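> would you be able to build a 3D model of this:
(one chain, ligands or ions: 1)
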Amino acid sequence: MLDLEQLETDILARLEAAESEAALEEIRIETLGKKGSISEKMKSLGKMTPEERKEAGPALNGLKTRVGDAIAARKDVLKAAALDARLKAETVDITQPVRSGPADRGRVHPISQVMDELTAIFADMGFSIAEGPDIETDFYNFTALNIPDEHPARQEHDTFYFNEKEDGSRMVLRTHTSPVQIRTMQSVTPPIRVICPGRTYRCDSDQTHTPMFHQVEGLVIDKEANLGNLKWTLQEFCKTFFEVESVEMRFRASHFPFTEPSMEVDIRCERVGNELRIGEGDDWLEILGCGMVHPNVLRNCGLDPDEVQGFAWGIGIDRIAMLKYGMPDLRAFFNADTRWLNHYGFRPLDLPTLFGGLSA
Ligand code: DAH
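All right, here's what the predicted structure looks like:
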């Protein structure tokens, strides 16, 4: 029986040294497999005398069981060690800051932000959004707006003209959003309540002017829309947009060919150093032009001035963005400098709403 003891010692030593489940499997095959060392010895039982078998049988069975148990036990140890190693290797340090994705790093341009704010404010008042093309005909940009040929307002606009067509007409880059008024009145039956935000173009460039800029046009047409309604609408807009309790406004008589009467609107403000405070102080700041839509404009759109009337206004979006967010130089808006955008831009998921706060 000595050789069984030796065999057992060897097998157990090999099992102890096995470092992987594959190595264990190899030992199992070499010992308990069909041609394994223990199985071979089992086969020899048949050739033994009954006396020999009586002793060798239980000894061999005992060996077989112990080796089987030892393999299973070693397997458990190796499995636990493998799991331990994996857990260590895959540890996540939850105290580390979360790596930022595009939604954290990206910034919404202040112009887009202000357009979203305008949309939120006027949508709440029941306005819808209207749009028109950036490249306009002379008719929509001027004539229909009661600015006939040779009218001095044409010169004031520093218009970008396209080359003359064969028929002598020239397309223009729209100099204001007012042509969208015309397109809207032509296609929508009153009552009309729209705002028209968009790009506009004039050949002009300095700290507060860029050749491409943005305006938002407002238009209300129905049977009795009047100056009182206009004043209330603009007052509500200014309070909500500048996020102040009250804004004092001054309506100054002015002139636009497409409105009669026409007014320019100033809001009360105060300049303290570089800071501009809206709604308090002794200073006035011009922010928009407005008026009652001129009867000629209504007629040019196929509407009857004896039947319908209304008011309109136009605001420079870049200008009110600069005022609200304290950005001194308009040219920086269009430089595509990501440092500027990181500083003045807005987080993409902080959508402006009236209930959640416009710029919160
Ligand atoms: N279109 C004018 C401009 O660009 C702004 C404006 C003034 C629009 C008065 C209006 C308005 O609708 O009523 O200078």
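
> contacts and neighbour counts: CA atoms only from here.
Fine.

> pull up the gap between the residue nearest to residue 118 when sequence neighbours are not counted and the ligand, please.
Beyond its immediate neighbours in the sequence, the residue positioned closest to residue 118 (Cα to Cα, 6 or more residues apart in numbering) is residue 241, lying 7.4 Å away. Here the criterion is Cα to the nearest ligand atom, to the nearest Å. By it, residue 241 lies 19 Å from the ligand.

> I'd say residue 241 and residue 122 touch.
No: using Cα atoms under 8 Å, residue 241 makes no contact with residue 122, being 10.2 Å away.

> which parts of stretch 118-131 are buried?
Residues of stretch 118-131 classed as buried: 118, 119, 120, 121, 122, 127, 130, 131 (neighbour count, 16 or more other Cα atoms under 10 Å).

> most widely separated two among those residues?
Using Cα to Cα, these span at most 17.4 Å, a distance reached by 121 and 131.

> find the closest residue to the ligand in the stretch 101-250 of the chain.
Closest residue of the stretch 101-250 of the chain to the ligand, Cα to the nearest ligand atom: residue 176 (4.4 Å).

> that residue in helix, strand or coil?
Secondary structure assignment for residue 176 (DSSP: H, G, I helix; E, B strand; the rest coil): coil.

> how about it: what's its closest non-neighbour residue?
Nearest residue to residue 176, sequence neighbours excluded (Cα to Cα, 6+ apart): residue 200, at 5.3 Å.

> what residues are up against the residue of the stretch 101-250 of the chain closest to the ligand?
Shown in contact with residue 176 (Cα atoms under 8 Å, 6 or more residues apart in numbering): 141, 200, 201, 215.

> counting only helices, which of the residues you listed make the cut?
residue 141 (DSSP state H).

> if we take the contacts of residue 176, which one ends up nearest to residue 275?
Closest approach between those and residue 275, by Cα to Cα: residue 215, at 23.8 Å.

> what are the bridge partners for that closest one, then?
Judged by DSSP bridges, the bridge partners of residue 215 are residue 198, residue 316.

> just the element for residue 113, please.
Assigned by DSSP states H and E, residue 113 belongs to helix 110-124.

> need the residues that contact that helix.
Taking Cα under 8 Å, 6+ apart as the rule, helix 110-124 contacts 128-129, 195, 197, 237, 240-241, 317-318, 321, 344-346, 351-354, 358.

> strands along the stretch 201-350 of the chain, start to end?
In the stretch 201-350 of the chain, the strands defined using DSSP state E, counting those that start in this stretch lie at 212-222, 249-256, 259-272, 275-278, 283-293, 309-316.

> is the closest residue to residue 161 other than its chain neighbours in a bridge, and if so with what?
Closest residue to residue 161 apart from its sequence neighbours, by Cα to Cα, 6+ apart: residue 172 at 4.6 Å. Judged by DSSP bridges, the bridge partners of residue 172 are residue 136, residue 161.
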